[in-house]
Structures are given as C-alpha cells and as structure tokens.
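Engineer: Quick one, what's the 3D model for this:
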Amino acid sequence: MRIMGLDLGEKTIGVAMSDPLKITAQALVVIRRSGREMEELNSLIREYEVEEIVLGYPRNMNGTLGDRARLSEEFSQILQTRFSLPVKLWDERLSTVGAQRALLEADLSRAKRKKVIDKMAAVFILQGYLDSRRI
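Structural biologist: Numbering: from 1, shown residues only. Here you go, the predicted model:
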C-alpha cells in the first residue's frame with residue numbers, strides 16, 4: 001500500500017509515489033490533461049495499491065486562498081468520489097521552486113527540466129507530507 005502525490009496543473013498532473021514503507025517519494029510520471037487523466041490515475045492507483053492521495057494545495061504566499069486553490073478543492077472532491085480514497089490537500093507553496101532548484105543543481109538542460117518539473121513538484125509535495133507523518 002502506497003501514497004500517491006499529485007501536482008495539479010492546467011495542462012498536466014505531476015505524479016509521485018511513496019515507497020511501500022511510506023518513507024520516501026519517487027517521481028513517477030506526468031499525465032497530460034486530455035480528458036483521460038482519470039483512467040490513467042485509476043491504472044496507477046490499482047498498480048501501486050494506493051491507499052491515500054496527497055494533492056498539492058496552492059496557497060498564496062500570505063496564506064490566503066486563490067482561484068488555483070479552489071480548483072484543487074474541486075479536483076480533490078472529484079478524486080474522492082471517483083476512487084473512494086482519502087484525499088489530503090497539502091500546502092504546496094514553493095514546491096515548484098524547490099523542484100526547479102534541485103533540477104538546476106543536477107545540471108539538467110531547460111528542455112529536460114520542462115519535461116520533469118511537474119513530477120518533481122509532486123515529489124516535493126508528497127515528501128513534505130510523508131515527513132510530517134513522522135514528527
């Protein structure tokens with residue numbers, strides 16, 4: 001049983017998965033939002049025996065909620081209804097910034113960074129959640 005982390009974007013969904021012990025998060029895939037994303041998520045949920053989903057919750061830097069946060073709330077409800085799994089909203093402030101820094105430090109080209117940034121952001125979201133469970 002694992003925990004899935006999601007970074008919801010307008011065009012893509014970055015996906016990360018915990019290890020079976022729920023200690024570390026690994027980048028998995030980037031799903032294009034084409035109308036088939038629920039089938040692709042369902043396939044991953046079954047394959048990895050997901051028991052919980054953590055969805056990035058984009059708060060503003062001052063902690064207030066904007067339009068993107070409301071879209072995450074709506075998507076969270078869709079996920080809960082569709083998959084009958086608990087969905088936790090997790091503050092994702094600076095997750096993309098952290099992912100960008102990590103990729104820059106790895107000396108990846110701009111083209112390669114663009115291909116993996118969403119799933120790396122999902123890793124930062126999921127790892128933050130996993131770390132909070134151990135405190």
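Engineer: Going by neighbour count, which residues of the helix or strand harbouring Ile31 are buried?
Structural biologist: Using DSSP states H and E, Ile31 sits within strand 25-32. Neighbour-count burial for strand 25-32 flags Ala25, Ala27, Leu28, Val29, Val30, Ile31 (criterion: 16 or more other CB atoms under 10 Å). Any C-beta I mention is one placed from the backbone N, CA and C, and that applies to glycine too.
Engineer: Stretch 52-72 too?
Structural biologist: Neighbour-count burial for stretch 52-72 flags Glu52, Ile53, Val54, Leu55, Gly56, Tyr57, Pro58, Arg59, Arg68, Ala69, Ser72 (criterion: 16+ other CB under 10 Å).
Engineer: now do stretch 40-53
Structural biologist: For stretch 40-53, a neighbour-count test (16+ other CB under 10 Å) marks Leu41, Leu44, Ile45, Tyr48, Val50, Glu52, Ile53 as buried.
Engineer: for stretch 71-91, same thing?
Structural biologist: Going by neighbour count (16+ other CB under 10 Å), the buried part of stretch 71-91 is Ser72, Phe75, Ser76, Leu79, Phe83, Val87, Leu89, Trp90.
Engineer: now do stretch 10-30
Structural biologist: Neighbour count says stretch 10-30 has 12-18, 22, 25, 27-30 buried, by 16+ other CB under 10 Å.
Engineer: hmm, back to that, can you list the buried residues of stretch 40-53 in a markdown table and add distance to Ala121, pLDDT and secondary structure?
Structural biologist: Listed next are those as a markdown table, based on distance: CB to CB, whole Å; pLDDT from 0 to 100; DSSP: H, G, I helix; E, B strand; the rest coil:
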| residue | distance to Ala121 | pLDDT | secondary structure |
| --- | --- | --- | --- |
| Leu41 | 17 | 98 | helix |
| Leu44 | 17 | 98 | helix |
| Ile45 | 20 | 98 | helix |
| Tyr48 | 19 | 98 | coil |
| Val50 | 19 | 98 | strand |
| Glu52 | 19 | 98 | strand |
| Ile53 | 15 | 98 | strand |
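Engineer: This completes my enquiry, with thanks.
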